[in-house]
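1. Quick one, what's the 3D model for this:
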Amino acid sequence: MTDHIVLFGPHGVDVMGAARRLAEALALPLRSPDDFSDDEWAALGYDATAEIMAWAHGGAYIVYRLKLPMRLRAVEKLLAATERSVIVLPPDFVVKEDAADEAQLAALLATTPYVIHLTPSLDAAENARLLDADLAGFPDWSAVNAYWVRHPSNKRLAKHIVYTDGKTEAETRDDILALASQTPPADIILIGPKLTGKTTVGRLLADKLGLPQVSLDNVGNSYLAETDYDPAAAQQAWDASGVFGWLRWRRSYEAHMVERVLMDTHDAVIDFGGGHSVYEDEALFARVHQALAPYPNVFLILPSPDKDESIRQLARRFEADVASERQLQRLLVTHPSYGRLAAHTILTADQSPAAIQ
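-> As a prediction, the model looks like this:
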């Protein structure tokens, strides 16, 4: 097997920064699973529908469990490359709760002499204190959703409203199909607050209709380069006024994202992020309204016709989402897999990536 150098470490350690400097110093290519194309992931067993359904029903931790076999195949693919490389494995590719999974990964790494663990401390509790994503600063999407549910923008933009309370995602899909106009344009657009199931239902619609699915949350930022968007200014808005201030600051950019994705996307199922259809400024609302005007299949997805009940249901979903994220982050920071798999351990506390090299 090729004499690769493999680096990994928990969240909060700049493993990629250290790896980049090491690769530059040794004149070696830098590789990670993030480099794989969509086709490569599909060949490894990635199933977008299964992942979206796992998110809907169990959150981040369940998605982590679902993708374990695929991640092992991804590591095998990286190590099989004949060109010597510096390889970065993200935490969820290294942490294995099951002994059998860890044994498979250990077997893959067994003939690689440079398997390096970067960690602030050898003490798991100390690492948790330093790095664990306890989500103390996690935005309160319950409050944001309450605002979005009550705001009139969504209903003003929608051509149809579908309520999901007591229904499965498949039943919601069928409700949408029953209402959808079959005349051109064929696109189906889903709007509504966060955690209403837009992406999940969108994936089921796309599968049923044989159309691509486009999530504006995933592709929207690609259009920011066409604007004067400034990440530093975005951070200042967040620091000064929290998530609501940040959302207000982003409104014009969100409107641009909507306009551009509709220009670029045809014959697809498009799901908007929660904020892409809510505008206080009438001029921005008018831009989005005009962009959506030619589309007969704009569906607002809400749990219930009762706003207060919708807000309660979405708040419960948010709490479950955060709990799953906390469970996963705690696992990825404190798990002993890192130390058991590594041939070498480097303590990174108070060191820069350059010093770690």
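
2. Could you point out the longest helix of the protein?
-> helix 231-264 (DSSP state H).

3. what about residue 329, distance to residue 277?
-> Applying CB to CB, to the nearest Å, one obtains 30 Å for the distance of residue 329 from residue 277. Placement of C-beta: from N, CA and C, glycine included.

4. Tell me which of those two has more neighbours.
-> The neighbour comparison of residue 329 against residue 277 (other CB atoms under 10 Å) goes to residue 277, with 29 against 22.

5. Please tell me the pLDDT value assigned to the more buried one.
-> According to the model's per-residue confidence, residue 277 sits at a pLDDT of 97.

6. Find the residue closest to it in space, skipping its chain neighbours.
-> In space, and not counting its chain neighbours, residue 277 is closest to residue 191: 4.1 Å by CB to CB, 6 or more residues apart in numbering.

7. So what pairs up with the one you found in the strands?
-> In this entry, residue 191 is beta-bridged to residue 300, by DSSP bridges.

8. buried set for stretch 93-106?
-> By 16 or more other CB atoms under 10 Å, the buried positions in stretch 93-106 come out as 93, 94, 95, 96, 101, 102, 104, 105.

9. Name the helix or strand for the residue nearest to the spatial centre of the chain, please.
-> Ranked by distance to the mean C-alpha position of the chain (CA atoms, centre = their mean), the top residue is residue 218 at 7.8 Å. With the criterion set as DSSP states H and E, the secondary-structure element containing residue 218 is helix 216-219.

10. before we move on, what about residue 21?
-> The secondary structure element spanning residue 21 is helix 15-26 (assigned by DSSP H and E).

11. Okay, now the unreliable bits of this protein?
-> Residue ranges of the chain with pLDDT under 70: 1, 133-137, 183-185, 349-357.

12. okay, now residue 69: neighbour count?
-> Residue 69 is surrounded by 12 other residues when neighbours are defined as other CB under 10 Å.

13. Specify the local secondary structure of the closest residue to it other than its chain neighbours.
-> Excluding the flanking residues, the one nearest residue 69 by CB to CB, 6+ apart is residue 45, at 6.5 Å. When states are read from DSSP: H, G, I helix; E, B strand; the rest coil, the local structure at residue 45 comes out as coil.

14. Next one: residue 45 from residue 56, what distance?
-> Distance check for residue 45 against residue 56: by CB to CB, it reads 20 Å.

15. And for residue 206?
-> From residue 206 over to residue 56 (counting by CB to CB), the distance is 15 Å.
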